[in-house]
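Chemist: Coordinates for the following, if possible.
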Amino acid sequence: MTRAVIDTNLVVSGILNPSGSPGAVLRAAGVRFELVWTPAIVVECYRVLSYPRLKKFLGARAEAARQVVADLAALAVLVPPGQLPLVRVVEADPDDDVLFGTALAGAATFVVTGDAAVLAVGSFAGVMVVSAAEFLASLGEQ
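Modeler: Numbering: from 1, shown residues only. Just a heads-up that it's a prediction; the model follows:
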């Protein structure tokens, strides 16, 4: 089964718009592909969901949004932080390098993101960087 790392921005996009491609990727996790994460990505998802403007926008759905992250984390293959290789990939935002370290340590073949700086990488060490729509299309070909 395909393994993929999903970026925080894609998780948030999928929560905000469940009917779009990011939402479809979230629904496919654990069914059509194996999600690979590290605890740092889980923490980042929770941190972003706690932004005041996002919490205000979500309103009564804020707890459901946190539950989506919890559900994803529960089904994910979690790579322990000590197993992440140190890589320098995203010059514009080195914090995004964790996506590639997680992919390499967890044998993922995709990083799925909506972040332009990460998408600009294209590929790294056999890991393809794709949008939600591109990832869904690749799953359809299998």
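Chemist: can we go C-alpha only for contacts and neighbour counts from here?
Modeler: Will do.
Chemist: Could you list the low-pLDDT ranges of the chain?
Modeler: By pLDDT under 70, the low-scoring segments of the chain are 141-142.
Chemist: all helices of it, in order?
Modeler: With helices called from DSSP state H, the chain shows them at 8-16, 21-28, 39-49, 52-58, 62-75, 97-105, 116-119, 132-140.
Chemist: winner for burial among these?
Modeler: Here the criterion is mean neighbour count by mean count of other Cα atoms under 10 Å, and of the helices of the chain the winner is helix 97-105, at a mean of 24.
Chemist: packing partners for that one?
Modeler: Contact here means 3 or more Cα pairs under 8 Å, 6 or more residues apart in numbering; DSSP states H and E; on that basis helix 97-105 packs against strand 3-6, strand 34-37, strand 110-112, strand 127-130.
Chemist: With mean neighbour count and distance to residue 103 as extra columns, can I get those strands in TSV?
Modeler: Shown next, in TSV, are the helices and strands packed on helix 97-105 (neighbours: other Cα atoms under 10 Å; distance: least, Cα to Cα, whole Å):
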stretch	mean neighbour count	distance to residue 103
strand 3-6	26	6
strand 34-37	25	7
strand 110-112	27	7
strand 127-130	21	7
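Chemist: can you redo the ones you listed as a markdown table with distance to residue 66?
Modeler: Listed next are these as a markdown table, based on distance: least, Cα to Cα, whole Å:
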| stretch | distance to residue 66 |
| --- | --- |
| strand 3-6 | 16 |
| strand 34-37 | 16 |
| strand 110-112 | 20 |
| strand 127-130 | 25 |
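Chemist: for those, which one sits closest to residue 75?
Modeler: strand 34-37 (7.3 Å; Cα to Cα).
Chemist: Around the residue lying closest to residue 117 once chain neighbours are set aside, count how many other residues there are.
Modeler: Counting by Cα to Cα, 6 or more residues apart in numbering, residue 117 lies nearest to residue 92, which is 6.3 Å off, once chain neighbours are set aside. Neighbour count for residue 92, taken as other Cα atoms under 10 Å: 11.
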